[in-house]
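Q: sequence and predicted structure are below.
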Amino acid sequence: MSSSERFSETNMRPDAGGGLQQAPDAGLTDVCGPDEKHTERARKKVLMVCYYYPPLIDVGCRRSTAFSKYFRKYGWEPYVISVKNPDSVYCTMGRELPPDGITPVYTFSLVNPYKYLGKLHAILSGILMLAGIRLKTNYFYHALCYPDIFFGWIPLTVLKGISMIRRHAIDFIYVSCSPYSSALIGVLLKKATGRPLILDYRDPFAIERPSFHESPQFRERINRRLQEFFLKNTDVFVVTSEETRQEYIRQYPGIEDRIHTVYNGFDPVSPPRAGRKKFDRFTIVYTGLFYNYGPHHEVYTEMFFKALRELKASGKINGSNFQFLYYGQDFRAIDGFAFDYGVSDLVVSRDRVSYAEVLEIISRSHLMLLRIVKLMISTKLYDGIPMNVPFLAIIPGGEVEGIIRKYSPGSYIITEEGSSADVAEAIEDAMEKYRSGQMPDNRIDEFLAAFSRESTSRAIMKAITETLGHRSVR
């Protein structure tokens, strides 16, 4: 089976800029324990600008929600601003509540332009099609929407943020991105109030990498200028993988002392339970976006579905002993792939379900399919390991591969050099190991020590405290 061995455990401990070993108590000066009393003067007050926050239930909410919860637990006082009327194309409204003790302030977006720009694009595309010209991208978006399509949230949020900073004597500003309009909000708040700015990028922005979005060159240039402006005004810059940190240092020199890696993590709705009954049929599960963008992902998609077709043709799997479960917004695309490869009887695809249901489904599955976008670590990685489910990871080699090898010894990793035969072999091997009771457990305790949301929250508190140097900010 083809895979890469380039990442050893010793490589999994990056330098002080961040790393895998985020020991909960290491070096956390100026951050008090959960049972200590805090005077009003001693508590750090942080304004959190988070477009994605409850009652939204999108995956982008989990990081900032957990940070606000544990900031409060460990002696900081979070004041959260979120959006009152989120764009329904990009967001899913649910019934989730903020953490105990936190009452967010919600501000209106003056415009959610997606549907209007879509109509304009459709009209222009129809006219140009008469001349034999086909548009590959929405130029109205690229001409009008900066930093992104969420710019309508900027004006009222800046005004409310200034008011909150002054009223509550805020110490510093934390901004969760995406959307990157939030980064502009943070910079404007810093310029208006003089408070330090912490930018936390869940996803990379304006960084050269293989992209699955077709953007005009003028857009790429403007994005880079915006990113330079953001970084010039940022006191602490946080990203979610070490590969991303190194790439930003390479492409934006001079930020080495301000950029930190703080990984995403796992903060279950309920603690992981051992011994959950597996599905009767051997089950591979995948949840969320399927990332079928560009040639690399198309190859990985072909590897997986071709492997299912080959195993079905050989009689080793069928609809009575095997299923691939998919839950997410790409369920129609999954049905299309299943039909194209002749494996519709093996595939069950459904729309999105709640996070609690996702964890239950994962725990009852035998393998979790993992796909990633380079320089990003999918949150699925942090869900699968605590649920004690090994991965079928069809991914490029690198940081994610190293994490899997360290904490999930039963997982199967197929990298760029692999093939559908390797995928089929992995599935066969996993089925046999489950039959014989030889599938090894994930190293859950070690993983949670480094990657619980509580640990990662304390890691970002440490990064902020040390980078700002305990200086007075008022």
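A: Arrived safely, thanks for sending. Numbering: from 1, shown residues only.
Q: quick one, strands of the stretch 51-200 of the chain?
A: Using DSSP state E, counting those that start in this stretch, the strands of the stretch 51-200 of the chain run over 76-83, 105-107, 172-177, 197-201.
Q: spit out the contact partners of residue 258.
A: Contacts for residue 258 (CB atoms under 8 Å, 6 or more residues apart in numbering) come out as 234, 235, 236, 237, 467. (C-beta placed from N, C-alpha, C; glycine too.)
Q: follow-up on the earlier one: and the strands of the stretch 51-200 of the chain, which is most packed in?
A: Highest mean neighbour count of the strands of the stretch 51-200 of the chain: strand 172-177, a mean of 26 (counted as mean count of other CB atoms under 10 Å).
Q: partner strands of that one, with direction?
A: strand 44-49 (parallel), strand 197-201 (parallel) (DSSP bridges).
Q: pLDDT on the last one, on average?
A: In this case it means strand 197-201. In this model, strand 197-201 has a mean pLDDT of 98.
Q: just the first one next, same as before
A: Averaging pLDDT along strand 44-49 yields 97.
Q: strand 76-83 and that one, what's the angle between them?
A: 10 degrees (axes from the mean of the first three to the mean of the last three CA atoms, to 10 degrees).
Q: how about the contacts made by the residue lying closest to residue 335 once chain neighbours are set aside?
A: For residue 335, ignoring the flanking residues on the chain, the nearest one in space by CB to CB, 6 or more residues apart in numbering is residue 349 at 5.3 Å. Residues in contact with residue 349 (CB under 8 Å, 6+ apart) are 325, 326, 327, 331, 332, 334, 335, 338.
Q: which neighbours does the helix or strand encompassing the second one have in its sheet, and in what orientation?
A: Same thing as residue 326. Assessed by DSSP states H and E, residue 326 sits inside strand 322-327. Strand 322-327 has its sheet partners listed here by DSSP bridges as strand 282-287 (parallel), strand 347-350 (parallel).
Q: out of these, which is the most enclosed?
A: The stretch of the strands paired with strand 322-327 with the highest mean neighbour count (mean count of other CB under 10 Å) is strand 282-287, at a mean of 23.
Q: and for that one, what's in contact with it?
A: 317, 321-328, 358, 361-362, 364-369, 371, 380, 383, 389, 392, 427, 430-431, 434.
Q: if you set the cut-off to 7 Å instead, what comes out?
A: Where contact means CB atoms under 7 Å, 6 or more residues apart in numbering, the residues beyond strand 282-287 that reach it are 321-328, 358, 361-362, 365-369, 380, 392, 431, 434.
Q: do stretch 117-134 as well
A: Looking at what lies outside stretch 117-134 - CB under 7 Å, 6+ apart - the contacts are 135, 138, 140, 141.
Q: adding distance to residue 406, write the strands paired with strand 172-177 out as TSV.
A: Output for the strands paired with strand 172-177, formatted as TSV (distance: least, CB to CB, whole Å):
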stretch	distance to residue 406
strand 44-49	31
strand 197-201	24
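Q: what about residue 88, how many residues nearby?
A: Number of residues near residue 88 (other CB atoms under 10 Å) recorded here: 11.
Q: spit out the contact partners of it.
A: Taking CB under 7 Å, 6+ apart, one finds nothing in contact with residue 88.
Q: separation between it and residue 115?
A: 9 Å (CB to CB, to the nearest Å).
Q: one more: residue 360?
A: 35 Å.
Q: looking at those two, which is more packed in?
A: residue 360 (17 against 11).
Q: least confident of the contacts of stretch 117-134?
A: residue 140 (76).
Q: which residue ranges of the stretch 151-300 of the chain form helices?
A: With DSSP state H, counting those that start in this stretch, the ranges of helices along the stretch 151-300 of the chain come out as 154-168, 181-193, 217-232, 242-251, 294-313.
Q: and the protein, what are its domains?
A: Using automatic domain parsing, the domain ranges for the chain come out as 31-265+453-468, 282-450.
Q: picking that back up, closest to residue 454 out of the contacts of residue 258?
A: residue 236 (19.9 Å; CB to CB).
Q: so that closest one bridges to which residues?
A: Beta-bridge partners, per DSSP bridges, of residue 236: residue 198.
Q: hmm, it is touching residue 461, no?
A: No: Residue 236 is beyond contact range of residue 461, at 10.8 Å (criterion: CB atoms under 7 Å).
Q: which intervals of the chain have sub-threshold pLDDT?
A: Applying pLDDT under 70 to the chain flags the ranges 1-42, 209-214, 268-275, 292-299, 470-474.
Q: hmm, back to that, can you pull the buried residues of the strand holding residue 326?
A: For strand 322-327, the buried set under the neighbour-count rule, 16 or more other CB atoms under 10 Å, comprises 322, 323, 324, 325, 326, 327.
Q: measure how far it is from the centre of its chain, please.
A: 22 Å (CA atoms, centre = their mean, to the nearest Å).
Q: run the angle between that strand and helix 294-313 for me.
A: Going by the same axes, to 10 degrees, strand 322-327 makes 150 degrees with helix 294-313.
Q: picking that back up, ranking the helices of the stretch 151-300 of the chain by burial, who's on top?
A: helix 181-193 (a mean of 22).
Q: packing partners of it?
A: Packing partners of helix 181-193 (3 or more CB pairs under 7 Å, 6 or more residues apart in numbering; DSSP states H and E): strand 44-49, helix 154-168, strand 172-177, strand 197-201, helix 217-232.
Q: and the first one, how far from the chain's centre?
A: Shown here is strand 44-49, whose average C-alpha point lies 22 Å from the average C-alpha point of the whole chain (CA atoms, centre = their mean).
Q: check the fourth one too.
A: Computed by CA atoms, centre = their mean, the chain-centroid distance of strand 197-201 equals 15 Å.
Q: residue 376 is nearest to which of the helices of the stretch 151-300 of the chain?
A: Short answer: helix 242-251, nearest of the helices of the stretch 151-300 of the chain by CB to CB, at 7.4 Å.
Q: tell me what the stretch of helix or strand residue 459 belongs to is packed against?
A: Residue 459 belongs to helix 453-468 when assigned by DSSP H and E. Counting contacts by 3+ CB pairs under 7 Å, 6+ apart, helix 453-468 is packed against helix 61-73, strand 236-239.
Q: now for the first one, which elements pack on it?
A: It stands for helix 61-73. strand 44-49, strand 76-83, helix 453-468.
Q: how about 6 Å then?
A: strand 76-83, helix 453-468 (3 or more CB pairs under 6 Å, 6 or more residues apart in numbering; DSSP states H and E).
Q: could you do the last one as well?
A: Using 3+ CB pairs under 6 Å, 6+ apart as the contact criterion, the elements in contact with strand 236-239 are strand 197-201.
Q: output the strand it packs on as CSV, nothing but the C-alphas.
A: Extracted in CSV, the C-alpha atoms of strand 197-201 (Å, rounded to 0.1, in the frame of the first residue of the first chain):
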residue,chain,number,x,y,z
LEU,A,197,-5.8,42.8,17.7
ILE,A,198,-5.8,39.0,17.5
LEU,A,199,-6.7,37.5,14.1
ASP,A,200,-7.6,33.8,14.2
TYR,A,201,-7.7,32.3,10.7
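Q: quick one: contacts of that strand?
A: 173-177, 183, 186, 190, 234-239, 464 (CB atoms under 6 Å, 6 or more residues apart in numbering).
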